[in-house]
Structure formats: C-alpha cells, structure tokens
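Peer 1: Whatever this is, show me its structure:
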Amino acid sequence: MSGTVFAQHSNKIVQDFLSTVIVVDDQAFLDALERSAEPTEAKALKDPGRQAADKDETKLERVDAQPKPSAAPSEEPSSQSLTESSTASAHRLDGKQIIDKFGEFGIVCSVIRPDKDEIPKLNDVVRAFAPVADVFIFDWVLFGDTTGAKTKELIRELVTSSSDSHNGRARLIVVYTGELDLAQVATDISKELGSLNPQVTPDNFNIHLSGTGTRIAVYGKPSLNRTPEGTQRSLKPNEIPTAVIREFSEISRGLLSNAAMASITAIRRNAYQLLSRFPPDLDPAFVTQSILVCPERASEQIVPLIASEIGSILEDARIGDFLDTPPLKVWLEDRIARNASHPPADSDLSKEQYRNGFDQLLDLGIGKDELLIIQKNHGQFLTALHIGEKKKTAKILTNHLASSDFEKVGDSNLALLMSVRHMYEKAKPYLTLGTIISATRMQETVEVTDYWVCLQPVCDGVRLKAKRFFPLLPLTPSSETGESVIIVRDGAEVRLLLAKFNPFLIKMVEFAPIAQERVTAQERGATWSFTSIDGTEYKWISELKPSHAQRVAHQVSVAVSRIGLVESEWSRLAKPAS
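Peer 2: Residues are numbered from 1 along each chain as shown. Modelled structure (predicted):
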C-alpha cells in the first residue's frame, strides 16, 4: 500500500481496526472441485462462518442455477458459447482466496452465497450483520439481474437505516462485479441514492455520501474485455483485502479518527484483561458495598469504575502519541500533497514555505516571544495567513487549513465534542446537573426561545419519591465565544449561550419524577421534553460533560461565597493589581 507516510500510517491503523467483512455473491465457491469446474456445475456453499455448526441449525445453503446440458463430444463449441462461458466465468468468485487473504490481515471474512429462493430474505440477513460488520462486499448481478436491483436495495437500506446503532458509523460498501462497465454501475448506485447527496469521485468509481461516514467503491472481477479504465479497477480476489483497507482508510483518514480507531483496537486487544478485572469473585464484595452505601446506589459507581479501567488501557497504549507534534506534521504533509490544505490563493507563498511555516508553528505555538522567532524565520508566511496574537489567530487558523465548508466549522464541532455529552443510545434523558433545556414564549408578536442549564446536584436528582424544585441558571444567546460561553446544538443549529453566574438569576422550577425515581424526559416527535408542575414544557437540548457541568456549578458557588468586607477604600485602591 503506497502513498504518503500519513496514508501508510492510516492504512496500518485501519488494518488493525477492521474485524468483520461480509461478502454476498450468488456465484461464490470454496472448494477445489468448484474452482476447476464450469460455472454451471457449482455446488452448494454454506456460510463459511457456520460450517462447523450443528446440522440441525438453520444454515444459508447456496445452490446455483441448474446446469445446462453439455455439448456432445463430437461438437465443437460455438463462438457464442465461448463468449457466454467467458462472461459466466467473469462473474464467479473464489471465496477461499478472499477469505484466506483477509485472514492474513487478521480480519474475519464470511461469504454468503444465497440460493435464488433466499433472495427475498437477504435483506434480513444483511440487516442482522449491519451492527457488527465493518465492510460489505456485494456482487452486482444476482441470478442474472444485470440492473443490480437487489444490490441497490441492500445498499440503500444500509445507508438509510434509521437504527441508532448504524447512524454515523464509518462503513465501507464494495461492489465487486463481473460487469464490464464499472462506471455505469457507480452511476446507477449514485442515482439510487440521489436524495442522500452522493458525491462521485472524478474517476467515477467511488461514491461518498456527504455528512456520513459511508463510502461505496466499485471494483471489477478479472476480465479480458474491460476498457483500460475498467482494467485498472479489476482485481483478483486475493487483491481485494488490500483495496478494502485502502478504501476504508479514505473514510477515516484523519488524526482524531486514527486515534479513535487505535483506541477501539486497544480495548479489543485487552478485552479479556478488562474482563479479568471484574471476576465473579468480586460479587459478594459488591453486594456488601451496595448495602453499606444505601440509600445511595452502588450501581451508579460501576460506570465510572469501568470507564477508569478503559482509560488505563488507552493510557498504556499511548493513544496520545497519535496526536503529538510529529504526527501532526506528517498529517500536514499529506494534506499539502493532496492539495487539501494549500497556501492562500492571493499570496506568493510556495507549498514549501507554507509547510515550513506551519512546522514551526507546531513546534513553538504563538506566544509573544515565539511569534518573534517565527517572524524572523517565516515572516512571509505570517503575513500571508494574517497570523498574529492568539485570539485573532484562533478565529482564522482553521479556515486556512480547511478544504471544505464542513471542515471550516470544525472549531465549533470540536468545542461540542469537548464539552457536550453525546447520546450513543436512544435512552431517555433525565434532569440533572449540566442538563441544558429550552422553552418558548411569546414576546409581543415574536416567539422567543429561552435557555437554561440545570444546577441540581446529581445526588439530589435521583431516588425522588415526590415532586422537587430544580435550580435553573439562564443562558443568553451570544455572538462571541469566551470562557463563560456554552456551545450547544439545537436541532441543526449551533448556539453560543452566555452564562452569567449571579445567584439572583437562578429560577426554581418544580418537577415530579416520572420513571426510575427521576425527572425523566418524554418523547415529543423527534425531540425530548420535560413538563414542570405548572405545565411549562422544557425541550431537552443537550447534556454537558460532568467536568464542564461542575465548572458551571463551581462558578455559581464562587459568586455565592463572595465576602463583603468593611475595609478602607483608600487601602483597597492602593493594592497592587493581581
């Protein structure tokens, strides 16, 4: 796998990360007899991942179409029959080669060859694998359907699934086909997914769905009849795993995604060590803990406990090294090589000057003394990018590095990632410290939205037997970022909300527990909301991460604990500034 140093590094991380590949092909075969047989003589093929299963267990057994009568021995095969035979052979897949090669990379590959009668339930099979499969490889022509109708249906279902376990995940779909016109196959897929804003690469063989982590790549099975462009995309079965790793890397070719994938790999690698830290031998002690801390709940201690063990795994795996200065420089070099980051169009800055300037920025940062050094060595770079004091630079630097509108809003997205808790499961939110809510009201003839952050201590928001007052601190819309600004996403909009920590601004609102002895949100269409005792409906917006919520509470408590002294004003004014 060639490419820049960063590309090679990303490929290696992807290789270690990938664990499951599912191949669906009606002309796949495994054993040596089928490898040498005519395509019409293909035998039944069982799902390789289940061949050792009990015979009574349900299997997906695959049988090709009935063989055609062979020509009499004295007859010479016609030109038409040779062409048909060549075409049929081009659609076959040596499943053993592809399984064995994936195995060399430590990736489990399962080949499914459905019978014609099983095609209707193929959606159910793919749906069952969707939460765990990293890659799907589909044949385009299933039982003679050259329009790829079933394959397009399967692809659409995968990329439009409403299941939360699928949404937003990085997924690679590969179409590996004997069809000659690969560009047409990619075009047909793009048309099928037209409402999802598919972006076809200039080579017409790859499709990326905007705003998702889904990538679709089209490759051809070996054939002598392809166009030169198609021939470049023709791969033998044992070449597919390398292409899959390279294509998946294009989905996640980034610093943070590499670190996240390496983290998951480290957790998988240490899974049994992690399990050994929580053996059944500890159960009696945990029951004792539960009794001793009652009426508190020991069950609420287990998530932080497991999270701390996972944190130790990631620290020992030195995940932070993936984002140290040397990898950042390698990332920048890759971006410049791909023209994803480049000097401003209105400057005379060369790519070398651009890279060298950023290299020194990464080494030194932009403190006052450091800027003097960079100005001496790379003054033209600073001038071209308008880089100066830190606050000014913070507003423009990302735009210089970004190549798309999505990347240009990365500052707010990173701020959200660092401060707001992501809801991975469709669990009902509950009102607690750090919960951000909103309510609408009419001000004259205009609808106004008010925002609050909940300040109720965690222990005072659980095990509720009756209604209780919750302190809510108002948040006002802001146009500028700053230390007291909280960034949230309200629907599709990113909001900057300013917190003022004056205790007199706090509003006490009474709520009643609904479920699990907590004030729990109720579903309202696509949103969640809490209803107070007085009937006001508060829309759930987001949840601050615990440390950020604690900081807000701390700043309010600091305001509450201010000490008013009787002191000499002359003496106070004479104190040196801190």
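Peer 1: what about this protein, any weak spots by pLDDT?
Peer 2: The chain contains residues with pLDDT under 70 at 1-2, 32-88, 162-169, 202, 210-212, 577-578.
Peer 1: what about A217, neighbour count?
Peer 2: 24 (other CB atoms under 10 Å). No exception for glycine: its C-beta is placed from N, CA and C like everyone else's.
Peer 1: for the residue nearest to S234 when sequence neighbours are not counted, which residues make a bridge with it?
Peer 2: By the measure of CB to CB, 6 or more residues apart in numbering, the closest residue to S234 outside its immediate chain neighbours is G220, 4.3 Å from it. With DSSP bridges as the criterion, G220 is bridged to T177, S234.
Peer 1: Can you give me the distance of G220 to I98?
Peer 2: Counting by CB to CB, to the nearest Å, the gap from G220 to I98 is 15 Å.
Peer 1: try K467
Peer 2: 62 Å.
Peer 1: With neighbour numbers in mind, choose between the two.
Peer 2: Set K467 next to I98 and count neighbours by other CB under 10 Å: I98 wins out with 25 against 12.
Peer 1: So which bits of the helix or strand harbouring V303 are buried?
Peer 2: Using DSSP states H and E, V303 falls within helix 299-316. Buried positions in helix 299-316, judged by neighbour count with 16 or more other CB atoms under 10 Å: 313-314.
Peer 1: Quick check: bridge partners of H208?
Peer 2: When bridges are called by DSSP bridges, H208 pairs up with Q199, R215.
Peer 1: Neighbours of it, how many?
Peer 2: Neighbour number of H208 under other CB under 10 Å is 18.
Peer 1: just A512 next, same as before
Peer 2: Neighbours around A512, by other CB under 10 Å: 12.
Peer 1: Spatially nearest residue to it, not counting backbone neighbours?
Peer 2: Among residues not flanking A512 along the chain, K467 sits closest, at 4.2 Å (CB to CB, 6+ apart).
Peer 1: quick one: contacts for that neighbour?
Peer 2: 510-513, 533 (CB atoms under 8 Å, 6 or more residues apart in numbering).
Peer 1: from what I can see F105 touches P241, true?
Peer 2: Yes: when contacts are counted by CB atoms under 8 Å, F105 is listed as touching P241 (5.6 Å).
Peer 1: For these two, indicate the residue with more neighbours.
Peer 2: Neighbours were counted for F105 and for P241 using other CB under 10 Å; P241 has more, 25 against 16.
Peer 1: Could you write out the alpha-carbon coordinates of the helix or strand in which the more buried one is found in CSV?
Peer 2: Per DSSP H and E, P241 falls inside helix 240-251. Presented in CSV, the C-alpha positions along helix 240-251 are these (Å, rounded to 0.1, in the frame of the first residue of the first chain):
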residue,chain,number,x,y,z
ILE,A,240,-9.5,-7.2,-2.6
PRO,A,241,-8.4,-7.1,1.1
THR,A,242,-5.6,-4.6,0.3
ALA,A,243,-8.1,-2.5,-1.6
VAL,A,244,-10.6,-2.7,1.2
ILE,A,245,-8.0,-1.4,3.8
ARG,A,246,-7.0,1.4,1.4
GLU,A,247,-10.7,2.4,0.8
PHE,A,248,-11.7,2.3,4.4
SER,A,249,-8.7,4.4,5.2
GLU,A,250,-10.1,7.1,2.9
ILE,A,251,-13.2,7.3,5.1
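Peer 1: Can you list the buried residues in that helix?
Peer 2: 240-241, 243-251.
Peer 1: Equivalent analysis for stretch 227-236, please.
Peer 2: Buried residues in stretch 227-236 (16+ other CB under 10 Å): 230, 233-235.
Peer 1: how distant is it from the center of its chain?
Peer 2: Centre-to-centre, stretch 227-236 and its host chain are 31 Å apart (CA atoms, centre = their mean, to the nearest Å).
Peer 1: returning to what we had before: got the contact list for the helix holding V303?
Peer 2: Contacts for helix 299-316 (CB under 8 Å, 6+ apart): 263, 266-267, 270, 273-274, 277-278, 289-290, 293, 462.
Peer 1: Stretch 351-370 now?
Peer 2: Against stretch 351-370 from outside (CB under 8 Å, 6+ apart): 325, 328-329, 332-333, 336, 341-343, 349, 373-374, 377-378, 380-382, 385, 387, 389-390, 393.
Peer 1: Among those residues, which are located in helices?
Peer 2: Using DSSP state H, the subset of the contacts of stretch 351-370 located in helices is 325, 328-329, 332-333, 336, 373-374, 377-378, 380-382, 385, 390, 393.
Peer 1: List only buried entries from those.
Peer 2: For those, buried by 16+ other CB under 10 Å: 328-329, 332-333, 336, 374, 378, 381-382, 385, 393.
Peer 1: domains for the chain, by residue range?
Peer 2: What automatic domain parsing lists as the domains of the chain is 5-65+86-253, 256-322, 324-408, 421-560.
Peer 1: ok, back up a step: any idea which of the buried residues of helix 240-251 is the one closest to N123?
Peer 2: V244 (22.7 Å; CB to CB).
Peer 1: Skipping its backbone neighbours, what lies nearest the closest one in space?
Peer 2: V135 (5.6 Å).
Peer 1: Now for the one you found, how many residues are close by?
Peer 2: Counted with other CB under 10 Å, V135 comes out at 25.
Peer 1: quick one, what contacts it?
Peer 2: Contact analysis of V135 by CB under 8 Å, 6+ apart lists 18, 20-22, 171-174, 244, 248.
Peer 1: Can you name the residues bridging to it?
Peer 2: V21, L172.
Peer 1: Against F6, how distant is it?
Peer 2: Distance from V135 to F6, by CB to CB: 22 Å.
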